[in-house]
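J.: Need coordinates for the below:
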Amino acid sequence: MSSFLRPLTAPVTYTRWLHLLLPGAAVSVWLFISTDTPWVPVVLAALVGLIPGMRLAEGIQAQLLLTPAERGNLEATISVAPSASWSERWRTALWLEVRLGCAALAGLATVWLLATTVDLVRSAVGSAPSDEWFAAGLGTHWWAAVLAPVPLIMLLAVVISCGELITAAARWLLGPTPMQRITALEERTEQLLERNRIARELHDSIGHALTVAVVQAGAARAAHDPQFTERALVAIEETGRDALDDLERVLRVLRESGTPPGQRPSLSEAGRLLDSARASGAEVDAEVSGALEQVPPSVSREGYRILQEALTNVLRHSGSVPVRVRITVADGRLELKVTNPLKDPLKDSSDNPGGRSGLRGIRERAALLGGTAKTGPYKEEWMVHASLPLYRIR
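T.: Numbering: from 1, shown residues only. Okay, the predicted model is just below:
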């Protein structure tokens, strides 16, 4: 019983009813002007449907009244765009014809069945029904009150059925074409990739800053040296300020949807990462060969994040140990290698859940650019080696 009554309480039932009655108003105006040419609205609808902008107008109206729950949804079953081909124009013209047919059925049912209910009520109270509707010639009978709800039930059944029919027709005739579906899917994929990139940005930047802060604070507490403590606090302050700058860049991307990601750090700013690692007690031996300015921005930004994550893993899992950093630009590739001694060669530091996440992020960054990344123990050292092509993979 509840499933039978559910359409009666659903707002969409009545918005669809309104959508069905709207064309009837326009047709009624024409019939008031000329009752001898009822075919004119049908011809005009077919011609108007060939106008590209008509598909946009009908799509907006259909999405608003027929499928309001899908408004603003990338996966909406009714597209909101002008006709881009003759196929879409003909489909729009056919849609208008179907809409007129459903509107005629729903309009007649609304007028005749409502009027019949009124006649049945008049018959029950002793007033003769009119001669125009279904209760014509019934006379006056008290039992007509029992029949009065029947036309209303029939009307609701017609309205619900026509609403479902017109909605199915809209999804078929006004729905997105295969090309539009592919475009929407590509946009959705780009959004998901951007969200994953932002998550990696936050993980790398904030994770690096917190790691440096924890290492510096622990070293300062153990040193009992005011000068060392002061240097540690300065390093924590600088690292935190850099992390806040990175966070502001990421938040700006989130606030300004559709705009470029802005000036994210690149390998030209790798010095601040090396200085931060040195300030945390690590002995960093860095060497850069080749022209970093020839590295495309996208590759340079991802290279910066890979270096940041590699240094963060060193500080987090190995502490203050010698670190060797080699950045090479040659033969159309960017080679980035970070190595450090393992405290326990028999133990893989990637067993740590955070380490797995960071190392996976390094490999994902490299793969998105068409490159490769290797991470793991190598000759009693821990090595991160990323090889990225100096072009953008699309």
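J.: Now stretch 158-175: buried residues?
T.: 158-160, 162-163, 165-167, 169-171, 173-175 (16 or more other C-beta atoms under 10 Å). The way it works is simple: take the backbone N, C-alpha and C, and place the C-beta from them, glycine included.
J.: for stretch 368-380, same thing?
T.: Buried residues in stretch 368-380 (16+ other C-beta under 10 Å): 368, 369, 371, 373, 375.
J.: quick one: the strands in the chain?
T.: Along the chain, counting by DSSP state E, strands occupy 283-289, 322-330, 333-341, 372-378, 381-389.
J.: Let me know which of these is the nearest to residue 126.
T.: Across the strands of the chain, residue 126 has its closest neighbour in strand 372-378 (90.5 Å, C-beta to C-beta).
J.: Against which helices or strands is the closest one packed?
T.: When contacts are defined as 3 or more C-beta pairs under 8 Å, 6 or more residues apart in numbering; DSSP states H and E, strand 372-378 packs onto helix 353-368, strand 381-389.
J.: And these, which one averages the lowest pLDDT?
T.: With a mean of 71, helix 353-368 has the lowest mean pLDDT of the helices and strands packed on strand 372-378.
J.: sorry, back to before: mean neighbour count, the helices and strands packed on strand 372-378: which tops it?
T.: strand 381-389 (a mean of 21; mean count of other C-beta atoms under 10 Å).
J.: relative to strand 333-341, how tilted is that strand?
T.: 170 degrees (axes from the mean of the first three to the mean of the last three C-alpha atoms, to 10 degrees).
J.: Mind listing residues that contact strand 381-389?
T.: 299, 302-303, 306, 310, 313-314, 317-318, 332-342, 349, 359, 362, 365-366, 369-377 (C-beta atoms under 8 Å, 6 or more residues apart in numbering).
J.: Just checking: what are the partner strands of it?
T.: strand 333-341 (antiparallel), strand 372-378 (antiparallel) (DSSP bridges).
J.: Alpha carbons of that strand, as CSV, please.
T.: Coordinates of the C-alpha atoms in strand 381-389 are reproduced here as CSV (Å, rounded to 0.1, in the frame of the first residue of the first chain):
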residue,chain,number,x,y,z
GLU,A,381,71.3,1.3,1.4
TRP,A,382,67.8,2.5,0.9
MET,A,383,67.3,3.9,-2.6
VAL,A,384,64.7,6.0,-4.3
HIS,A,385,65.3,6.3,-8.0
ALA,A,386,62.9,8.1,-10.3
SER,A,387,63.3,8.4,-14.1
LEU,A,388,61.0,10.9,-15.7
PRO,A,389,60.7,11.8,-19.5
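J.: Now find how far off-centre it is within its chain.
T.: Chain-centre distance of strand 381-389: 33 Å, with C-alpha atoms, centre = their mean, to the nearest Å.
J.: returning to that earlier point: closest to residue 105 out of the strands paired with strand 381-389?
T.: With C-beta to C-beta, the closest approach to residue 105 among these belongs to strand 372-378: 64.0 Å.
J.: what comes into contact with that closest one?
T.: With C-beta under 8 Å, 6+ apart as the test, strand 372-378 has contacts from 306, 339, 342, 345, 348, 350, 359, 362-363, 365-367, 382-387.
J.: so what pLDDT did residue 161 get?
T.: Per-residue pLDDT puts residue 161 at 91.
J.: oh, I was asking about residue 79
T.: For residue 79, the predicted pLDDT is 84.
J.: what about it, neighbour count?
T.: Residue 79 has 20 neighbours, counted by other C-beta atoms under 10 Å.
J.: and if you look at the one 10 residues further on?
T.: Here the neighbour count serves as a burial measure; for residue 89 (other C-beta under 10 Å) it reads 18.
J.: Quick check: it vs residue 79, distance?
T.: Distance of residue 89 to residue 79, given as C-beta to C-beta, to the nearest Å: 14 Å.
J.: picking up where we left off before, who wins for proximity to residue 95 among the strands of the chain?
T.: strand 381-389 (48.6 Å).
J.: any weak-confidence spans in the stretch 101-250 of the chain?
T.: When residues are selected by pLDDT under 70, those of the stretch 101-250 of the chain lie in 128-129, 131-137, 178-195, 197-198, 200-201, 205, 208, 245-250.
J.: Quick check on residue 224: phi, psi?
T.: Here is the backbone geometry of residue 224 (degrees, to the nearest 10): phi 50, psi 40.
J.: for the chain, what spans make up the helices?
T.: In the chain, the helices defined using DSSP state H lie at 2-9, 11-33, 40-48, 52-65, 86-124, 144-147, 149-173, 178-223, 226-255, 270-279, 297-317, 353-368.
J.: Tabulate the ones you listed (TSV), appending distance to residue 324.
T.: Below are these laid out as TSV (distance: least, C-beta to C-beta, whole Å):
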stretch	distance to residue 324
helix 2-9	69
helix 11-33	65
helix 40-48	73
helix 52-65	59
helix 86-124	61
helix 144-147	94
helix 149-173	61
helix 178-223	19
helix 226-255	21
helix 270-279	11
helix 297-317	10
helix 353-368	17
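J.: Contact partners for residue 293?
T.: Counting by C-beta under 8 Å, 6+ apart, residue 293 has contacts residue 268.
J.: ok, back up a step: so which of the strands paired with strand 381-389 gets nearest residue 295?
T.: Of all the strands paired with strand 381-389, strand 333-341 comes closest under C-beta to C-beta, at 5.6 Å.
J.: Put the alpha carbons of the closest one into PDB.
T.: Extracted as PDB, the C-alpha positions of strand 333-341 are listed here (Å, rounded to 0.1, in the frame of the first residue of the first chain):
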ATOM      1  CA  ARG A 333      65.100  12.400 -19.100                       C
ATOM      2  CA  LEU A 334      65.200  13.600 -15.500                       C
ATOM      3  CA  GLU A 335      67.000  11.200 -13.200                       C
ATOM      4  CA  LEU A 336      66.500  11.700  -9.500                       C
ATOM      5  CA  LYS A 337      68.200   9.400  -7.000                       C
ATOM      6  CA  VAL A 338      68.300   9.600  -3.200                       C
ATOM      7  CA  THR A 339      70.200   7.000  -1.200                       C
ATOM      8  CA  ASN A 340      71.000   6.600   2.500                       C
ATOM      9  CA  PRO A 341      72.400   3.800   4.800                       C
END
